[in-house]
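In: Turn this into a structure:
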Amino acid sequence: MEDVSKINELFQTQLKDRLKALEKLRITVIYMTIILIVAIIVFFILAYKIAASNNMTIFYIWIGVSIISAGIIGYFISKKKRAYRHQYKTTVVAEIIRLIDPTWEYHYDQCISPADYHQSELFRHECDRYAGDDLVLGNIDKTDFQFSELHTQYKTYTTDSQGNSQEKWVTIFKGIFMHAEFNKYIGGKTFVQPDRAEKLLGKLGQMFQKISSKGEFIKLENPEFEKLFVVHGSDQIESRYILTPTMMEAMVAIQKKYSRPISYSFIGSRVYCAMSFTKDLFEPRIMSSGIKFSDIEGMYDLFRIIEVIIKEMNLNTRIWTKE
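Out: Coordinates of the predicted model:
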C-alpha cells in the first residue's frame with residue numbers, strides 16, 4: 001500500500017501535468033500520420049488516373065513528386081515521434097526511477113552491453129541484431145547492478161513454394177535483462193532455466209532435462225522449485241552450494257510474483273537474470289492517451305523487479321568472502 005501511495009502522489013503532483021503537456025505532441029504525431037495516409041491514397045488515385053490517360057511523362061513526374069512529398073512528411077513524423085519519446089523518457093520515466101532510488105543512473109538510449117549479455121551464456125545462439133534501451137545502473141545496499149530492456153535476434157532464410165528465398169528475423173530474447181554482484185566468486189557455471197520439457201512431456205521430459213550443452217543435470221531437493229526450473233552446471237557441489245534452500249525459495253517466490261519465463265546464470269562474480277516479455281515495456285503511447293495512472297504504476301512495478309530479485313535472493317548478505 002505504501003508503494004501505491006508513493007507512486008500515486010508522484011502521478012498527481014508531477015507526472016499528470018507533464019503527461020498533459022506531452023499530449024499536444026502526441027496528437028500532432030497522430031494528425032501528421034493521418035495526413036500521410038490520406039496523401040498516399042490521393043497519390044495512388046491520381047497516379048492511376050494519369051496512367052490510364054497514357055501520359056507517361058506526367059505519370060513519372062507525379063510518381064517522383066509523390067515519393068518526395070511522402071518522404072518529407074514521413075521525416076517530420078519521425079522527428080516529432082523522437083521528440084515525444086525523448087520528453088517522455090526524460091520527464092516521466094526518469095522521475096519514476098528517481099522515486100525508487102534517486103542515486104540510480106538512468107540512460108534511456110543505452111542498454112546492457114553485448115559483452116555482458118554473452119558473458120551470461122544464457123542464450124548461446126549467435127545474434128545478428130542486438131538492440132535495447134532504458135539502462136539503469138546503481139547499487140542496492142552493498143550490491144551493484146545493471147538492468148535494461150533487450151531484444152536479440154538472428155537472421156534466417158526460408159524458401160517459399162516457388163523457390164524464392166525470404167529473409168526472416170527470429171527472436172532469441174526479448175524482455176528485461178539484468179546482472180548483479182554475487183557474494184562469492186564462482187569457479188564454475190550454474191544455469192537455472194524454465195523447465196519447459198517436464199511441463200510439456202511429464203516424466204518423459206525428465207529425460208530431456210539431462211541433455212544440455214550447459215553442463216551436467218543437477219537434481220535438487222525442492223519439489224516446488226523442480227516443477228518450475230531445470231538446473232545444469234559444471235560442478236555439482238558448487239551448484240548446490242549456490243542454490244541453497246533459501247535461494248530456491250526466493251526463485252519460486254519471484255516466479256510466482258511475475259509469472260514470466262525467467263532464466264538465471266551464476267558465472268564469475270555475477271548473477272545474470274533474463275525475464276521474457278513480448279511487448280516493449282517503457283515506451284510512450286501513440287494511438288491512445290498517455291495520461292493513465294495504470295501505465296505509470298506498471299512501469300514502477302517493472303523497475304522494482306531489480307529490488308525484488310536482489311532482496312529476495314538475499315544478495316546483500318555477505319555469507320561468503322570472495323576469493
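In: what's across from residue 180 in the sheet?
Out: On the basis of DSSP bridges, residue 180 is bridged to residue 145, residue 271.
In: Do a quick rundown of the strands in the chain.
Out: 105-107, 129-140, 143-159, 165-194, 216-217, 229-233, 262-276 (DSSP state E).
In: Can you list the buried residues in the longest one?
Out: Applying a neighbour-count criterion of 16 or more other Cβ atoms under 10 Å, one finds 172-184, 186, 188-193 buried in strand 165-194. C-betas here are computed from N, CA, C, even on glycine.
In: quick one, domains of this protein?
Out: 1-100, 104-323 (automatic domain parsing).
In: Tabulate the strands of the chain (a markdown table), appending distance to residue 44 and mean pLDDT.
Out: Formatted as a markdown table, the strands of the chain follow (distance: least, Cβ to Cβ, whole Å; pLDDT from 0 to 100):
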| stretch | distance to residue 44 | mean pLDDT |
| --- | --- | --- |
| strand 105-107 | 42 | 96 |
| strand 129-140 | 32 | 95 |
| strand 143-159 | 30 | 93 |
| strand 165-194 | 26 | 91 |
| strand 216-217 | 60 | 90 |
| strand 229-233 | 54 | 94 |
| strand 262-276 | 41 | 94 |
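In: could you dump these to CSV with distance to residue 36?
Out: Shown next, in CSV, are those (distance: least, Cβ to Cβ, whole Å):
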stretch, distance to residue 36
strand 105-107, 32
strand 129-140, 25
strand 143-159, 26
strand 165-194, 25
strand 216-217, 55
strand 229-233, 48
strand 262-276, 34
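In: Figure out which of those strands is closest to residue 47.
Out: strand 165-194 (27.9 Å; Cβ to Cβ).
In: Give the other helices and strands that that closest one contacts.
Out: Contact here means 3 or more Cβ pairs under 8 Å, 6 or more residues apart in numbering; DSSP states H and E; on that basis strand 165-194 packs against helix 114-120, strand 143-159, strand 229-233, helix 236-242, strand 262-276, helix 305-312.
In: okay, those in CSV with distance to residue 45 and mean neighbour count next?
Out: Listed next are the helices and strands packed on strand 165-194 as CSV, based on distance: least, Cβ to Cβ, whole Å; neighbours: other Cβ atoms under 10 Å:
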stretch, distance to residue 45, mean neighbour count
helix 114-120, 47, 16
strand 143-159, 35, 17
strand 229-233, 58, 24
helix 236-242, 66, 17
strand 262-276, 45, 21
helix 305-312, 51, 19
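In: now the ones you listed in CSV, with distance to residue 22?
Out: Listed next are the helices and strands packed on strand 165-194 as CSV, based on distance: least, Cβ to Cβ, whole Å:
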stretch, distance to residue 22
helix 114-120, 32
strand 143-159, 21
strand 229-233, 41
helix 236-242, 45
strand 262-276, 28
helix 305-312, 25
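In: Alright, I will stop here.
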